[in-house]
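Below is the sequence, then the predicted model.
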Amino acid sequence: MSYGFKIVLEADYACYTRPELKVERVSYDVPTPGALEGMLKSIYWKPAIRYVIDKIIVFHPINFVNIRRNEVKDKVLYSAVRKQMQRKEADPCIYTSESRSQRASMVLKNVKYGVEFHFELTGLKSEQEADGESKHFNIIKRRLEKGQCFKTLCMGCSEFPVKRIGLVDEFDEGQISREILEMGDVDLGFMSYKVVFADQGRPLNDDWENPRFSDRATTVYYRPHMINGVIDVRKYREELRC
């Protein structure tokens with residue numbers, strides 16, 4: 001049995017932020033595999049599986065729009081949260097009126113993507129995890145068919161939700177826009193593939209009930225080509241580099 005899926009995503013806006021341009025956000029031209037993997041985890045995720053993106057299809061023309069957004073420039077301090085949990089005097093809250101910052105963003109608009117992916121077993125299982133591949137496959141398939149998720153599906157940034165998601169048997173490449181087809185073979189340059197955490201998904205304390213994970217991570221890059229709207233991610237996985 002094949003454990004792969006094909007889905008079609010649509011949204012009004014999307015932003016896959018270039019790591020070198022974080023202050024004033026600028027999106028990549030196309031989604032990053034890591035962002036798509038994160039979105040799939042909002043549909044279904046267990047420590048026992050990991051998602052792998054195999055192909056990305058860009059249906060609509062790549063159009064950008066400049067917007068200004070109010071963002072919070074601070075983060076909640078872990079030390080403040082810990083003190084409050086210990087019933088000590090501490091305020092872990094962020095007050096937007098005090099830490100709000102208006103920033104410009106260059107984001108994608110009117111996007112439609114086809115995503116082909118599969119999942120693999122990680123070998124990481126909590127004591128309650130004793131499921132086989134077929135069970136995970138059936139759960140993912142059922143949730144995709146019903147449009148179920150436990151967290152809002154986002155196109156890169158949380159304020160850009162997925163408008164429509166559908167499970168398909170095959171992609172209709174006839175729907176790829178003329179503008180994309182006329183671009184032919186496009187070298188997308190070095191792009192972020194995903195962020196890899198040092199703990200590899202295993203709790204540092206080996207306690208799945210109260211896990212403690214590592215914050216240390218590295219970004220892995222790759223250099224894909226979009227050929228007539230199709231990015232064969234599987235083809236470029238051998239070229240991953242930190």
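Received, thanks.

Residue 215 and residue 204, how far apart?
From residue 215 across to residue 204, the span is 10 Å (CB to CB, to the nearest Å). C-beta coordinates here come from the backbone N, C-alpha and C atoms, glycine included.

Those two: which has the busier surroundings?
Legend: neighbour count by other CB atoms under 10 Å for residue 215 and residue 204, higher for residue 204 (11 against 8).

Report the contact partners of the spatially closest residue to that one that is not a sequence neighbour.
Sequence neighbours aside, residue 212 is the residue nearest to residue 204 in space, at 5.1 Å (criterion: CB to CB, 6 or more residues apart in numbering). Residues in contact with residue 212, defined by CB atoms under 8 Å, 6 or more residues apart in numbering, are 203, 204, 205.

On the three-state scheme, the last one is what?
The local conformation at residue 205, judged by DSSP: H, G, I helix; E, B strand; the rest coil, is coil.

Which residue, other than its chain neighbours, is closest to it?
Going by CB to CB, 6+ apart, residue 205 has residue 212 as its nearest residue, at 4.7 Å.

That neighbour should be in a strand, yeah?
No. Assessed with three-state DSSP, residue 212 is coil; it does not lie in a strand.

Centroid-nearest residue for this protein?
residue 35 (1.9 Å; CA atoms, centre = their mean).

Can you classify that residue by secondary structure?
Per three-state DSSP, residue 35 ends up helix.

Now do the longest helix along the chain: everything it contacts.
Identified as the longest helix of the chain according to DSSP state H is helix 133-146. The contact list for helix 133-146 (CB under 8 Å, 6+ apart) reads 1, 3, 5, 7, 43-44, 46, 48-49, 119, 121, 148-149, 165, 167.

Out of the residues you listed, which end up buried?
3, 5, 7, 43, 44, 46, 48, 49, 119, 149, 165, 167 (16 or more other CB atoms under 10 Å).

pLDDT weak spots in this protein?
Applying pLDDT under 70 to the chain flags the ranges 1-2, 125-131, 239-242.

That one: helices as residue ranges?
Secondary structure of the chain (DSSP H): helices at 33-41, 78-85, 96-99, 133-146, 178-183, 233-236.

what about residue 53, neighbour count?
Other residues close to residue 53 by other CB under 10 Å number 23.

re the thing from before, how close does the residue nearest to the centre of the chain get to residue 113?
In terms of CB to CB, residue 35 sits 11 Å off from residue 113.

just residue 236 next, same as before
17 Å.

what about those two, which has more around it?
When neighbours are counted by other CB under 10 Å, residue 236 and residue 113 differ, and residue 113 comes out ahead with 22 against 17.

Skip the chain neighbours and tell me the closest residue to the more buried one.
That would be residue 9: by CB to CB, 6+ apart, it lies 4.9 Å from residue 113.

contacting residues around the one you found?
By CB under 8 Å, 6+ apart, residue 9 lies in contact with 111, 112, 113, 114, 115, 153, 155, 162, 164, 165.

how far does stretch 149-168 sit from the chain's center?
10 Å (CA atoms, centre = their mean, to the nearest Å).

What lies in contact with that stretch?
Against stretch 149-168 from outside (CB under 8 Å, 6+ apart): 5-17, 25, 27, 31, 35, 39, 42-43, 69, 107-108, 111, 114, 141, 143-145, 147.

can we see that at 7 Å?
Stretch 149-168 has contacts (CB atoms under 7 Å, 6 or more residues apart in numbering) with 5-17, 27, 35, 39, 42-43, 111, 144-145, 147.

Narrow those residues to those that are buried.
Looks like the contacts of stretch 149-168 have 5-11, 13-17, 27, 35, 39, 43, 111, 144 buried, using 16+ other CB under 10 Å.

if we can go back for a sec, distance to residue 194 for the contacts of residue 212 - can I get that in JSON lines?
Output for the contacts of residue 212, formatted as JSON lines (distance: CB to CB, whole Å):
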{"residue": "203", "distance to residue 194": "20"}
{"residue": "204", "distance to residue 194": "21"}
{"residue": "205", "distance to residue 194": "25"}
